[in-house]
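**Q** got a predicted model here, sequence first, then my questions.
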Amino acid sequence: MSRARGAMAIGVLALAGALFAAPAAGAAAKVRTVPKSGVVKLGTVRCAASEACAVKAQPKRIATKVAGKKVKARVVAPPFLGAGGKATVKLRFGKGALERLAGHSATFRARVLVRAEGKTYSRAFKVRLKRPAAAPSKPSAGGGNGAGGEAPRSEPVSGEPAPLTRPLTAKTVANVSVRWYPRASWINYVATGEGTAASGGASTVSSTVAPCPAQPGSNEGGGVSSGLSLPYEVDFTGAESWFDPASGTAAVNGTGSVSFRFRAHGIDLTGSDPEVQINGASSQAVFRFSGGEGTAYPNQRVALLSLNAGGQPVQEGSTYTYNLMRGSLTPNGEKVFAGFYTAPGNNGFGCVSASFTLP
């Protein structure tokens with residue numbers, strides 16, 4: 001993360017102009033406390049505006065002996081960065097690792113390879129970490145178990161959101177379309193596992209560039225897959241929906257499912273049957289989520305995204321289109337994704353589009 005030495009960062013820029021390393025606050029020798037979440041930020045790397053970068057932790061897991069026992073951690077970094085994109089490099093400790101580190105301190109070293117302009121460069125990170133002896137060993141929503149205890153866990157929510165109330169003046173609409181463009185860095189990430197798959201009336205549309213670009217200054221990822229065609233768009237079959245011209249509210253619904261799987265990291269998550277609720281500043285997208293294998297998420301509806309519907313819709317004749325509404329994970333949406341994408345600066349999660357025709 002920000003542990004890069006200034007000289008190394010300058011050297012990389014001089015050689016290729018492709019990677020910028022932002023130095024972290026504090027010296028490497030300073031002992032930092034590992035939080036209950038088990039996640040420690042090491043530093044950031046950034047691609048220059050000229051070309052996308054591929055990022056790879058080498059190795060993906062590191063280990064240090066503490067009191068005669070190995071303490072393991074996973075090195076986490078997005079696999080792809082668009083031109084001008086920034087990546088955060090982290091260490092993630094599981095429950096067992098936190099318990100073994102409690103009451104001790106140890107030095108951890110990680111290395112990240114960055115490939116750009118046909119060349120590969122190495123970034124080394126060094127950090128000294130500790131855990132208080134009295135700290136609880138229970139992992140947070142971002143922790144989990146698995147090999148070394150590093151796999152994430154999604155967290156169920158309490159209760160389900162209410163459907164949007166239909167006014168008496170609302171009209172049933174036709175030619176319904178619902179499209180979801182999930183966070184590009186998420187699609188890039190699961191593509192290194194089993195990837196994204198649609199079923200039950202949904203379909204994916206692949207491209208080399210994500211139709212929903214990342215917001216400037218965000219960590220969403222640029223949506224450039226280094227020449228690979230990835231399923232950045234998910235199209236759902238339209239379901240019964242309504243629109244109220246008097247209030248401008250609408251419930252635009254779809255059917256079908258999209259699954260995200262990365263079994264080596266304990267991820268098996270499926271979102272189904274989107275409900276796009278257009279209601280001014282309270283607009284949101286509701287999905288039914290379920291999980292399997294390492295993602296123990298129950299089958300329940302959740303208000304996943306807050307939507308920015310400002311300036312929408314665009315009307316052409318009797319057709320209304322809400323195009324690429326920005327989506328941010330709600331607090332409950334953050335729980336679905338195991339607390340990895342949190343407000344205020346890292347909860348952007350792509351876009352949602354919806355359209356319909358009035359009879």
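**A** Okay, I see it.
**Q** can you get me a residue count around G85?
**A** 26 (other CB atoms under 10 Å). C-betas here are computed from N, CA, C, even on glycine.
**Q** hang on, isn't K130 packed against L98?
**A** No - applying CB atoms under 8 Å, one finds K130 not in contact with L98, separated by 11.2 Å.
**Q** which neighbours do these two share?
**A** V34 (CB atoms under 8 Å, 6 or more residues apart in numbering).
**Q** so between those two, which is more surrounded?
**A** A direct count of neighbours by other CB under 10 Å for K130 and L98 places L98 higher, at 24 against 17.
**Q** helix, strand or coil for the more buried one?
**A** helix (DSSP: H, G, I helix; E, B strand; the rest coil).
**Q** pLDDT score for L13?
**A** As predicted, L13 sits at a pLDDT of 32.
**Q** next up, the contacts around the spatially most central residue of the chain.
**A** Nearest to the geometric centre of the chain sits W186, at 4.5 Å (CA atoms, centre = their mean). Going by CB under 8 Å, 6+ apart, W186 touches 221, 260, 337, 341, 349-350.
**Q** how close does T44 sit to S199?
**A** Relative to S199, T44 is positioned 37 Å away (CB to CB, to the nearest Å).
**Q** swap that for G82, please
**A** Distance, G82 to S199, by CB to CB: 29 Å.
**Q** kindly report the same for A239.
**A** Distance of A239 to S199, given as CB to CB: 16 Å.
**Q** more neighbours: these two, which one.
**A** A239 (17 against 12).
**Q** what's the nearest residue to that one if we skip its chain neighbours?
**A** N253 (4.1 Å; CB to CB, 6 or more residues apart in numbering).
**Q** which SSE is R74 in?
**A** strand 69-76 (DSSP states H and E).
**Q** just checking, what packs against the next helix or strand after that strand?
**A** Reading on from strand 69-76 to the C-terminus, the next helix or strand found by DSSP H and E is strand 80-81. Contacts defined by 3 or more CB pairs under 8 Å, 6 or more residues apart in numbering; DSSP states H and E place strand 80-81 against strand 39-47, strand 53-57.
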